[in-house]
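**Q** missing the sequence, but the structure's below:
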């Protein structure tokens, strides 16, 4: 048993922290199970909603040092791939044309932000160079 008051306090703190961390871990597992149940049942919309909730909960666990960053990202990635597979499988039942159209729009959306990012990078690189020249002219 601890003899110092500081060690007694640290024991109390570890007990409370252990209880908090245990509840957080079980909450994360519950949200992951909700996503898996929605995927297994074939409900794409519910799976998407559950994925968003699970993603925020997993990242909260990463912020609290319950999970490592790469572990949290890996779990989210695997859940997202399962949800994506089920969401693409639903239009395939209705028809191949619907699936092809959905894939085309997804590709267009994926390409558009990349082009914007490249433009933003170019403008941010050019602006500081112009400011430096103005400062040199003034001096």
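**A** Done, it's in. Every value quoted in this text rests on a predicted model; they were computed, and no experiment measured them.
**Q** could you use CA atoms for every contact and neighbour count after this?
**A** Noted.
**Q** care to break the protein down by domain?
**A** Structural domains assigned to the chain are 1-94, 96-139, following automatic domain parsing.
**Q** hey, least reliable of the ones you listed by pLDDT?
**A** Ranked by mean pLDDT, the domains of the chain bottom out at domain 96-139, which scores a mean of 52.
**Q** and the helices in this structure?
**A** With helices called from DSSP state H, the chain shows them at 5-41, 44-63, 69-94, 96-138.
**Q** and residue 42, its phi and psi?
**A** Dihedral angles of residue 42 (phi, psi; degrees, to the nearest 10) stand at phi 90, psi 20.
**Q** which residues touch it?
**A** Residue 42 is in contact with residue 86, counting by CA atoms under 8 Å, 6 or more residues apart in numbering.
**Q** gap between it and residue 35?
**A** 11 Å (CA to CA, to the nearest Å).
**Q** same thing with residue 43?
**A** Separation of residue 43 from residue 35 (CA to CA): 10 Å.
**Q** same check, this time on residue 50
**A** From residue 50 to residue 35 the distance is 5 Å (CA to CA).
**Q** with neighbour numbers in mind, choose between these two.
**A** When neighbours are counted by other CA atoms under 10 Å, residue 50 and residue 35 differ, and residue 35 comes out ahead with 26 against 22.
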